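Peer 1: dropping a prediction and its sequence here:
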Amino acid sequence: MSTVYNFNAGPAALPKAALEAAQKELLNFNNTGMSVMELSHRSKDYDAVHQQTKQLLKKLLSIPDTYDILFLQGGASLQFAMLPYNLLPQNKVGQYVLTGSWSEKALKEATLIGETNVLASTKDSNYSTIPDLKDAPFTDNDAYVHITSNNTIYGTQWKQFPSISHAPLVADMSSDILSKKIDVNQFGMIYAGAQKNLGPSGVTVVIVKKELVQQAQVEHVPTMLRYGTFADHDSLYNTPPTFGIYLLGKVLEWAESIGGLEKLEQVNEEKAKILYDTIDSSDGFYKGHAHPSSRSSMNVTFTLPNEELSKSFLSLAKERGFVGLNGHRSIGGCRASIYNAVPIEACMALRDLMNEFKSNN
Ligand code: PMP
């Protein structure tokens, strides 16, 4: 098979080493004579996988003991509702920073559940920037402040998180968790669907301060929507997505083996630079959507001079084995998602293709 460059936005490229490790033991996991998918979630063999995955995540992200690490289902989209169900009591306000469609969706769900407010929004710039919260109208009544750390569709990213002390900072990190070092202590809660940097779709990781879970007023919240249910049962209240957690473990082992977050961050910066330099040196042929100060190192969004050229670029890219470069249907153009598992060689190949296409047009 010829080389395929996978720039999918999610589900996305997974590290080959993780897939190969899973392949090797697919039919006989740990001498059990069966696949890890066929084990009981109450078995000793599965429990070892569950604990190891949790410990590795804790180690890689330096998650303090004061946080619960939960493996849930329902995607990041269910967290849009679970968060306010648990952490937005009646007399308080959920503060939302709008930086793209995913934050809009998070707000929409919270508005169904409690009182919300838009603290800041960059919609006027078609979400090409990240706002400054210096003069934002915080109140004493804030239940939490919600941000989207990386905006998958628009290709923008918080380069420095706002320092907030009066209420917990909550971040949807679906598309940049594990891509760089972060200080978990800055957050009350972090959540992420796995299918970009962590593993296959089907697992959602929630990292939440234990005291927030303990204080949550959840008498009227269904059992499966309470963080406490999962915290009290180590994410084994019901059947967890066992294969997804197992593969997440394999991805984390790979991340550790190549040098952890420091190394990943360095390589991710290099990969992004290759593509942004190509855009910036194209004399305006390629235009980046994101303002340079807000550029994402995970999703590089750009347009060509017109729709026709855009189509013909995408068609050439497809012919040459590049997958997933179409921009999201809501903004058009092109998007290269360059998560952790996308090798630097794929970015170099895309750079060469972009330069070649520009010369010929
Ligand atoms: N938040 C962000 C930043 C996303 O990129 C996505 C899309 N994968 C979601 C939330 C929704 O995630 P899910 O499909 O897991 O519900």
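Peer 2: On my side now, so go ahead. Residues are numbered from 1 along each chain as shown.

Peer 1: part of a strand, is Met82?
Peer 2: No: the assignment for Met82, made by DSSP: H, G, I helix; E, B strand; the rest coil, is helix rather than a strand.

Peer 1: neighbours around the residue lying closest to it once chain neighbours are set aside, how many?
Peer 2: Spatial nearest neighbour of Met82, excluding adjacent residues (Cβ to Cβ, 6 or more residues apart in numbering): Leu225 at 5.5 Å. In short, each C-beta sits where N, CA and C put it, glycine included. Residues contacting Leu225 under the criterion other Cβ atoms under 10 Å number 15.

Peer 1: list the contacts for Leu225?
Peer 2: By Cβ atoms under 8 Å, 6 or more residues apart in numbering, the contact set of Leu225 is 81-82, 85-86.

Peer 1: of the residues you listed, which is the nearest to Phe285?
Peer 2: For the contacts of Leu225, the minimum distance to Phe285 (Cβ to Cβ) is 42.9 Å, reached by Ala81.

Peer 1: follow-up on the earlier one: got the confidence number for the residue nearest to Met82?
Peer 2: With respect to pLDDT, Leu225 scores 98.

Peer 1: how about Val251?
Peer 2: At Val251, pLDDT is 98.

Peer 1: what's the helix or strand for it?
Peer 2: helix 242-257 (DSSP states H and E).

Peer 1: domain ranges for this protein, per the record?
Peer 2: 16-257, 259-360 (automatic domain parsing).

Peer 1: of all the ones you listed, which lies closest to Asn6?
Peer 2: Per Cβ to Cβ, nearest to Asn6 of these: domain 259-360, 5.2 Å.

Peer 1: what's the span of that closest one, first residue to last?
Peer 2: End-to-end distance for domain 259-360: 40 Å, by Cα to Cα, to the nearest Å.

Peer 1: now swap in stretch 332-344 and tell me
Peer 2: Stretch 332-344: ends 25 Å apart by Cα to Cα.

Peer 1: what residue in the stretch 101-250 of the chain comes nearest to the ligand?
Peer 2: Gly193 (2.8 Å; Cβ to the nearest ligand atom).

Peer 1: show me what contacts that residue?
Peer 2: Shown in contact with Gly193 (Cβ under 8 Å, 6+ apart): 10, 75-77, 174, 201, 203-204.

Peer 1: could I get these as TSV with secondary structure and pLDDT?
Peer 2: Output for those, formatted as TSV (DSSP: H, G, I helix; E, B strand; the rest coil; pLDDT from 0 to 100):
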residue	secondary structure	pLDDT
Gly10	coil	96
Gly75	helix	98
Ala76	helix	98
Ser77	helix	98
Ser174	coil	98
Ser201	coil	98
Val203	coil	98
Thr204	strand	98
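
Peer 1: of these, closest to Thr303?
Peer 2: For the contacts of Gly193, the nearest to Thr303 is Gly10 (21.2 Å; Cβ to Cβ).

Peer 1: show me what from the protein comes close to the ligand.
Peer 2: 10, 75-77, 102, 148, 152, 172, 174-175, 193 (Cβ under 6 Å from any ligand atom).

Peer 1: show me which of those are buried.
Peer 2: 10, 75-77, 102, 148, 152, 172, 174-175, 193 (16 or more other Cβ atoms under 10 Å).

Peer 1: identify, from those, the entry nearest to Leu304.
Peer 2: Thr152 (20.7 Å).

Peer 1: which residue, other than its chain neighbours, is closest to that closest one?
Peer 2: Ser175 (4.2 Å).

Peer 1: now do that neighbour against Ala216, distance only.
Peer 2: 26 Å (Cβ to Cβ, to the nearest Å).

Peer 1: quick one: the strands in the protein?
Peer 2: Taking DSSP state E, the strands of the chain run over residues 5-6, 67-72, 93-98, 115-121, 142-148, 150-151, 156-157, 169-172, 189-193, 204-209, 287-288, 299-303, 322-323, 334-337.
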